[in-house]
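Participant: Dropping a prediction and its sequence here:
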Amino acid sequence: MRYITDRKRAVGKGSAKTGTEHYWAMHVSAVALAFMVPTFIYVFGSALGGTRDEVLATFSRPFPAILTGLVLVVAMRHFAKGATVMIEDYAQGSLRRGLIMFAISLSWVITATGLYALARIALGN
Amino acid sequence: MADANRVDRPLSPHLTIYRIVWRPQITSFASMMHRITGNALPVAFILGVWWLLAAAIGPEAFATANWVATSWLGDLVFAFSLLAIWYHFFAGLRHLYFDAGHGLDLRTAELLGWGCVVGSVVLTALTLIII
């Protein structure tokens, strides 16, 4: 006998309540990042250390700008979900909820700040 | 049955079940490093995004941010983050391979763990030479 209601069994999403949604989202973003990150390291690493004019010239070109924007969004979503799992492993109760909120908020602040900077550079200040 | 959900569920005994000091296993070490590197990377993102925002805002803001980003502390943060991102890259591919149902026998799993360590060090060195 399974200690589960018929409705729960029909929905079939287990104790996580979201099924494999989290797992799948991590897989999609992981594969996307595996393709983008090596090129991004080259673009960002080459720009770092340059003068302001050189930096503006780099990130106003379409490819570096779009790649940086994509990496920011995908990497920060990947981080928010990964950090959530880590927090769930080590913390409980209100502390857990607070830390998860902090990780998600931090990821969005980084994303929004980076996209604002990219937009401002691309549109010529 | 509804009451069962309100019980304070125990945490799984994760780190404490592995040998960490005496003869650590490469497999658990690789897994811990994957988590540590992944969760440390936002530090580099914060520094990088601040630097980019400063470039967008103006010369004075850029002078400050660029000074920090290219100081010894900035170099240290970006160099360790480079190692972290390459490690996380390889360990992530290892997880995708595991999740597809491959490489789960002991010998292959241990070999893949070493592959992540060696691969990340080699690619970090290569990146530093190229950039």
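Facilitator: Now that the structure is in, tell me what you want to look at. Keep in mind that this is a model prediction, so the values were computed, not measured.

Participant: Could you give me the buried positions within whichever helix or strand B:L82 is part of?
Facilitator: Assigned by DSSP states H and E, B:L82 belongs to helix B:72-99. If you call a residue buried by 16 or more other Cβ atoms under 10 Å in any protein chain shown, then helix B:72-99 has these buried ones: B:74, B:77-78, B:81-95. C-betas here are computed from N, CA, C, even on glycine.

Participant: Is there proximity between that helix and chain A?
Facilitator: Yes - between helix B:72-99 and chain A, judged by Cβ under 8 Å from any Cβ of the partner chain, the touching residues are B:F78, B:L82, B:I85, B:F89, B:G92, B:L93, B:H95, B:L96, B:D99.

Participant: Determine the next helix or strand in the C-terminal direction from that helix.
Facilitator: Next along the chain from helix B:72-99, counting by DSSP H and E, comes helix B:106-130.

Participant: Against which helices or strands is that following helix packed?
Facilitator: Judged by 3 or more Cβ pairs under 8 Å, 6 or more residues apart in numbering or on different chains; DSSP states H and E, the packing partners of helix B:106-130 are helix A:21-47, helix B:26-40, helix B:72-99.

Participant: now with 7 Å?
Facilitator: helix B:26-40, helix B:72-99 (3 or more Cβ pairs under 7 Å, 6 or more residues apart in numbering or on different chains; DSSP states H and E).

Participant: could you give the angle of the shortest one to helix B:72-99?
Facilitator: The reference is to helix B:26-40. An angle of 130 degrees separates the directions of helix B:26-40 and helix B:72-99 when computed by axes from the mean of the first three to the mean of the last three Cα atoms, to 10 degrees.

Participant: Let me see the contact set for residue 74.
Facilitator: If you meant another chain, say so; for now it's chain A. For A:V74, the contacting residues are A:S29, A:A32, A:L33, by Cβ atoms under 7 Å, 6 or more residues apart in numbering or on different chains.

Participant: could you do chain B instead?
Facilitator: The neighbours of B:G74, taking Cβ under 7 Å, 6+ apart as the test, are B:L47, B:V68.
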